[in-house]
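Trainee: Sequence first, then the predicted structure:
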Amino acid sequence: MVRIETCYFCSRPAYPGKGITFIRNDAKQFRFCRSKCHKNFKMKRNPRKLAWTKAFRKAAGKEMTVDSTLQFAQRRNVPVRYNRDLVQKTLKAMERIQEIRTKRERVFYRKRMAGKRARELADARKLVQTHSHLLPRLRGSEKRRLALEQGLSQEEIARIEEQNILPTETKKVFGKEKMRQKVRTDGGVEFAPEEADETMEVDSE
């Protein structure tokens, strides 16, 4: 059976006939699965500081490090005479070991990701509280929807708007709100009822 080596840098499988083998002056061999790993090795980069390597994932607690199924992947240099029955048992055992390892990895992932949604919600709430002055005001369509569906008055809608953002001295509205217009057949233009009143108030001021 042909041996599948492990990449020295990223720990991916380096299949026979693929990748790069680097032999140092002291006769030590380094096997790389691709030129990317070889270049990073020559640049003397630390695999534990690159997020795409197995060393980083294990150091960051993103993969299993202590498990009985990982011991089967260790390299053994003891020569064994070929035996057909032994090879068949070995292949069946490899499939079973991979099945058990996949199942344990799923359990490990679920435990690691437990509570992630709650942490994201807490961070989002904190971000909204600290940067509430950047939140946009209620649009005219949202005000009309509140007035029609819930029957709120303009004062109640304004109070709701004030509760969502900081006091008026820190609020700034950039740009101009878009006004809906209706073009009549005779060429005239008319505004929506509420927006027309708002424009009249602005003009009167």
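Mentor: Yep, that arrived.
Trainee: What's the first helix or strand after the host helix or strand of Asp123?
Mentor: Using DSSP states H and E, Asp123 maps to helix 116-130. Where DSSP H and E defines the elements, the next helix or strand beyond helix 116-130 is helix 140-149.
Trainee: From the chain's centroid, how far away is that following helix?
Mentor: Here the centre of helix 140-149 is set off from its chain's centre by 36 Å, with C-alpha atoms, centre = their mean, to the nearest Å.
Trainee: for this protein, what spans make up the strands?
Mentor: 5-6, 13-14, 20-23, 29-32, 181-183, 189-191 (DSSP state E).
Trainee: Mean neighbour count added to those strands, as a markdown table?
Mentor: All C-beta atoms are positioned from the backbone trio N, CA, C, and that covers glycine. Shown next, in a markdown table, are those (neighbours: other C-beta atoms under 10 Å):
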| stretch | mean neighbour count |
| --- | --- |
| strand 5-6 | 17 |
| strand 13-14 | 16 |
| strand 20-23 | 12 |
| strand 29-32 | 16 |
| strand 181-183 | 10 |
| strand 189-191 | 11 |
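Trainee: will you turn those strands into a markdown table that also has distance to Asp123 and mean pLDDT?
Mentor: Output for the strands of the chain, formatted as a markdown table (distance: least, C-beta to C-beta, whole Å; pLDDT from 0 to 100):
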| stretch | distance to Asp123 | mean pLDDT |
| --- | --- | --- |
| strand 5-6 | 38 | 90 |
| strand 13-14 | 38 | 92 |
| strand 20-23 | 43 | 95 |
| strand 29-32 | 39 | 96 |
| strand 181-183 | 42 | 71 |
| strand 189-191 | 42 | 68 |
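Trainee: Take the ones you listed and lay them out in a markdown table including distance to Glu155.
Mentor: Converted to a markdown table, the strands of the chain look like this (distance: least, C-beta to C-beta, whole Å):
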| stretch | distance to Glu155 |
| --- | --- |
| strand 5-6 | 71 |
| strand 13-14 | 69 |
| strand 20-23 | 74 |
| strand 29-32 | 71 |
| strand 181-183 | 27 |
| strand 189-191 | 23 |
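Trainee: Nearest approach to Glu105 belongs to which of those?
Mentor: When the strands of the chain are compared by C-beta to C-beta, strand 13-14 sits nearest Glu105, at 16.6 Å.
Trainee: What strands flank that closest one, and is each parallel or antiparallel?
Mentor: strand 5-6 (antiparallel) (DSSP bridges).
Trainee: can you count the residues close to Pro47?
Mentor: By the criterion of other C-beta atoms under 10 Å, Pro47 has 19 neighbours.
Trainee: That one against Cys10, yeah?
Mentor: Yes - assessed by C-beta atoms under 8 Å, Pro47 is found in contact with Cys10 at 6.8 Å.
Trainee: Good, we can wrap up now.
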